[in-house]
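# Generate coordinates for the sequence data below:
(2 chains)
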Amino acid sequence: MSGQTLFSKIWETRVVDSPAQEAARLKALAESGNLDDGSSAVERQELLYIDLHLIHEVTSPQAFEGLRRAELPVRRPDLTLATVDHNVPTFGRDEPNPDPLSAQQIEVMQQNAGEFGVALFDIFDARQGIVHIIGPEQGFTQPGMTIVCGDSHTSTHGAFGALAFGIGTSEVEHVLATQTLRQIRPKTMSVEVTGELSSGVTAKDVILAIINEIGVSGGRGHVIEYRGEVIRNLSMEERMTVCNMSIEAGARAGLIAPDETTFEYMRGRPHAPGEDDWARSVEQWRRLPTDEDARFDREVSIDGSRIRPYVTWGTNPAQSVTIDGHIPHPDEIAGGERETAERALAYMDLTPGTPIREIRIDRVFLGSCTNGRIEDMRAAAAVVEGRQVAPGVSAMVVPGSGLVKHQAEEEGLADIFMAAGFEWRDAGCSMCLGMNPDVLAPGERCASTSNRNFEGRQGPGGRTHLVGPEMAAAAAVAGHFVDVTEVMA
Amino acid sequence: MRKVSAVTGRAVPIDRENVDTDQIIPARHLKRIERDGYGPFVFGAWRDDPDFVLNDPAYDGATIMLTRSNFGSGSSREHAVWALDGLGIEVLVGVSFADIFKGNCFQSGLLTVELPEEDIDHLMDLVRKAPQTGIEVDLPTQTVQIVGNAWKRGFEIDPYRKYRLLRGLDDISMTLEYLTDIEAYEQGRDNDLLPSTASSQQSNVRWRPTA
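Predicted coordinates for the structure are as follows:
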């Protein structure tokens, strides 16, 4: 018998065994004339227990309304944490919200948290921030857990070796009511990144390279486990950047095996196990990594030493080239992707053959659950220190949480950004998804550290190029894309 | 959840790969706290293009949408399903659907049917040339066929999902019947080390307005 993967070790201990339910299922199938001989059951669901449920103001109101109508409580408020992030203003927060619908959505989150007894990191709580930043920051995110949230970037928490994935609002309601989810068991996929990264190459470039390689649906139906020397050598925050964008490769979840780096990052955080429980916790976590003889349904290997800083040119995250490249000609692109590329180039208003470095930008957005943590702030600040945002460029930094913001201010990073001409904002999702007033104007071109370059993602008609924080900072200073190592030289 | 059985109607072709949920319903329309009212905003930005297929009155009233591969990728927003529902779409017939979106469709009783690319090519060609063509999707027999034509294809679906769709049984009421099993699971496992949000102490850092 072959060994188990990290994924199956988590999954199998979280399946709620329910003989009565299985009996009911078989009875129903027999009644409807379907024999369960295993051949046609292409996607049989299992009842999966959820250890932590994160909720926010945008995808939860309808779920709470459903509970209210069915007169159901939140079954485990002690495993539920709420915050407001998607739709909160990042400036003028202490003034009345000018958008009545946004204000209502935030108020409804507050009312629901109060009525159902759910802990809420509210808008004036320093711990407020993007759900995927605050879970790890507070030590709620731990190896071996199942974590869900009504947000596709829940995959971020996989960096700790937790099985974490995004769900829809009906599923949010299901978890609130039962603390479980009905899920089809996904397949497993190993993505190994070998070798050593060149200087100036970041975790963002690693994940953009992976997506470029396997495509935006390459991970569909799978949970990805990121492995290999490059992954092992990443910091926890860098690992979160990688796992965060698993969904951009079509995979609902991404995982990285917990190790000393993980334990060191977690130790002492408010909700991590205390010193009395620490040794016992670590002992459990050490059993999680994939066994040497375990098999994956699919395996991909990428040479990390060949990865260069990436910039996306199109309208999906796989449409990217390295900084020394040029806008591809659709003729260079094979088959069905050609039409997609032509459409993307038209939307992005780009001419094939243009060197990436010659693309001028109007805006810079530094933040999001992909790159809104303190290490991202430090990396970008190191690039802009003593420099100025280029004339005509408008740049902003939106820290991922109130605590990241506070720490960046303590470390003097906020002053560096503001001295360079960046706007310094309050925590939230902000221009990553363009729900609040932080949006691009039609036609504006943005170097963004976020995760999606979809048409209109950052505002109707806006044009998004995804990059890492250093590359975004360098572009802000140069006014166009540039290799960050040149700016620093 | 509404019951799903057979749908016969006209089909509107969305002939693009990797249609993400930001296209189906842009984020700026996610501020509502209700499940309905999203229909007018479906494919918000693309509808500004007069040549976009949904602006062609020939497809008004279509109940089937033909799609390409990886339809519904990106954001987990179930609002995308509610918006398609608001448009009157009851079945999606496509090459493949993104994982989260597909789950959301099932939750709302929007049937997703996967067919090989050449079959989707054929159906898209047909409804582009003759938008009035009737297409019948029949869940009990797991078939898609063209009305008045011999063309017919079978599709796969998990039999238990099918059983529940046919009866409109929603997941929550079903799972609640097995609460004792969930309680037994909770009591039976070693979980004293897992974090609780109930003890969430205050932070010593205070929020301050940005200067």
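# contacts and neighbour counts: CA atoms only from here.
OK.
# Distance of A:G135 relative to A:P317?
Separation of A:G135 from A:P317 (CA to CA, to the nearest Å) stands at 25 Å.
# For the stretch 1-150 of chain A, just list every one of the strands.
Applying DSSP state E, counting those that start in this stretch to the stretch 1-150 of chain A gives strands spanning A:45-49, A:52-55, A:80-83, A:119-121, A:146-149.
# go on, the stretch 351-489 of chain A?
So, for the stretch 351-489 of chain A - with DSSP E, counting those that start in this stretch - the strands run A:363-367, A:394-398, A:423-424, A:445-448, A:463-466.
# okay, those, which one's buried deepest?
The highest mean neighbour count among those, using mean count of other CA atoms under 10 Å in any protein chain shown, belongs to strand A:463-466: a mean of 32.
# outside of the host helix or strand of A:A341, which residues touch it?
In this structure, A:A341 sits in helix A:337-348 according to DSSP states H and E. Residues from elsewhere that reach helix A:337-348 (CA atoms under 8 Å, 6 or more residues apart in numbering or on different chains): A:313-315, A:319, A:330-331, A:333, A:351-352, A:455, A:461, A:463, B:16-17.
# got a markdown table for the strands of the stretch 1-150 of chain A, with mean neighbour count, mean pLDDT and distance to chain B too?
As requested, the strands of the stretch 1-150 of chain A are exported to a markdown table (neighbours: other CA atoms under 10 Å in any protein chain shown; pLDDT from 0 to 100; distance: least, CA to the nearest CA, whole Å):
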| stretch | mean neighbour count | mean pLDDT | distance to chain B |
| --- | --- | --- | --- |
| strand A:45-49 | 20 | 92 | 8 |
| strand A:52-55 | 25 | 98 | 8 |
| strand A:80-83 | 26 | 98 | 6 |
| strand A:119-121 | 22 | 97 | 7 |
| strand A:146-149 | 27 | 98 | 9 |
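# Put together JSON lines for those strands, with distance to A:A294 on each row.
JSON lines is the format used below for the strands of the stretch 1-150 of chain A (distance: least, CA to CA, whole Å):
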{"stretch": "strand A:45-49", "distance to A:A294": "22"}
{"stretch": "strand A:52-55", "distance to A:A294": "27"}
{"stretch": "strand A:80-83", "distance to A:A294": "33"}
{"stretch": "strand A:119-121", "distance to A:A294": "39"}
{"stretch": "strand A:146-149", "distance to A:A294": "21"}
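# circling back to that earlier point, would you list the buried entries among the contacts of helix A:337-348?
Among the contacts of helix A:337-348, the ones that count as buried by 16 or more other CA atoms under 10 Å in any protein chain shown are A:313-315, A:319, A:330, A:455, A:461, A:463, B:16-17.
# With adjacent residues omitted, what lies nearest to the residue in the stretch 351-489 of chain A positioned nearest to chain B?
Nearest residue of the stretch 351-489 of chain A to chain B, counting by CA to the nearest CA: A:M435, 4.9 Å away. Distances taken as CA to CA, 6 or more residues apart in numbering or on different chains place B:R28 nearest to A:M435, at 4.9 Å, with adjacent residues excluded.
# What about that neighbour, how many residues nearby?
Using other CA atoms under 10 Å in any protein chain shown, B:R28 is surrounded by 21 other residues.
# Poorly predicted segments of the chain, please.
You didn't say which chain, so I picked chain A. For chain A, the stretches with pLDDT under 70 are A:1, A:35-43, A:335.
# should've been chain B
Along chain B, the model assigns pLDDT under 70 to residues B:200-201, B:211.
# Just the element for the residue nearest the centre of chain B, please.
Compute the mean C-alpha point of chain B, and by CA atoms, centre = their mean the closest residue is B:C105, 3.0 Å away. Using DSSP H and E, B:C105 sits within helix B:99-108.
# Now do that helix: distance to the chain's middle.
5 Å (CA atoms, centre = their mean, to the nearest Å).
# What of stretch A:275-291?
Counting by CA atoms, centre = their mean, stretch A:275-291 is centred 25 Å from the centre of its parent chain.
# Give me the contact list for that stretch.
Stretch A:275-291 is contacted by residues A:3-7, A:9-10, A:143-144, A:161, A:257-259, A:263, A:273, B:193 when judged by CA under 8 Å, 6+ apart.
# let's see it at 10 Å
Stretch A:275-291 is touched from outside by A:2-10, A:142-144, A:160-162, A:225, A:227, A:256-260, A:262-263, A:267-268, A:272-274, A:296, B:192-194, with contacts defined as CA atoms under 10 Å, 6 or more residues apart in numbering or on different chains.
# got the buried residues for that stretch?
In stretch A:275-291, counting by 16+ other CA under 10 Å, buried: A:281-282, A:285, A:288-290.
# Alpha carbons of it, in CSV - could you do that?
C-alpha atoms of stretch A:275-291 as CSV (Å, rounded to 0.1, in the frame of the first residue of the first chain):
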residue,chain,number,x,y,z
GLU,A,275,3.5,27.1,25.4
ASP,A,276,1.8,24.3,27.4
ASP,A,277,0.3,22.8,24.3
TRP,A,278,3.1,23.7,21.9
ALA,A,279,5.1,20.5,21.9
ARG,A,280,2.0,18.3,21.5
SER,A,281,0.7,20.4,18.6
VAL,A,282,4.0,20.3,16.8
GLU,A,283,4.2,16.6,17.2
GLN,A,284,0.8,16.3,15.5
TRP,A,285,1.8,18.7,12.7
ARG,A,286,4.9,16.8,12.0
ARG,A,287,2.9,13.8,10.9
LEU,A,288,1.1,15.8,8.2
PRO,A,289,3.6,16.0,5.3
THR,A,290,3.1,13.7,2.4
ASP,A,291,4.7,10.3,2.8
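# Wait, the residue nearest to the centre of chain B touches B:A83, no?
No: using CA atoms under 10 Å as the test, B:C105 is too far from B:A83 to be in contact (11.2 Å).
# For chain B, which segments count as helices?
B:21-24, B:79-87, B:99-108, B:117-129, B:159-167, B:171-176, B:179-188 (DSSP state H).
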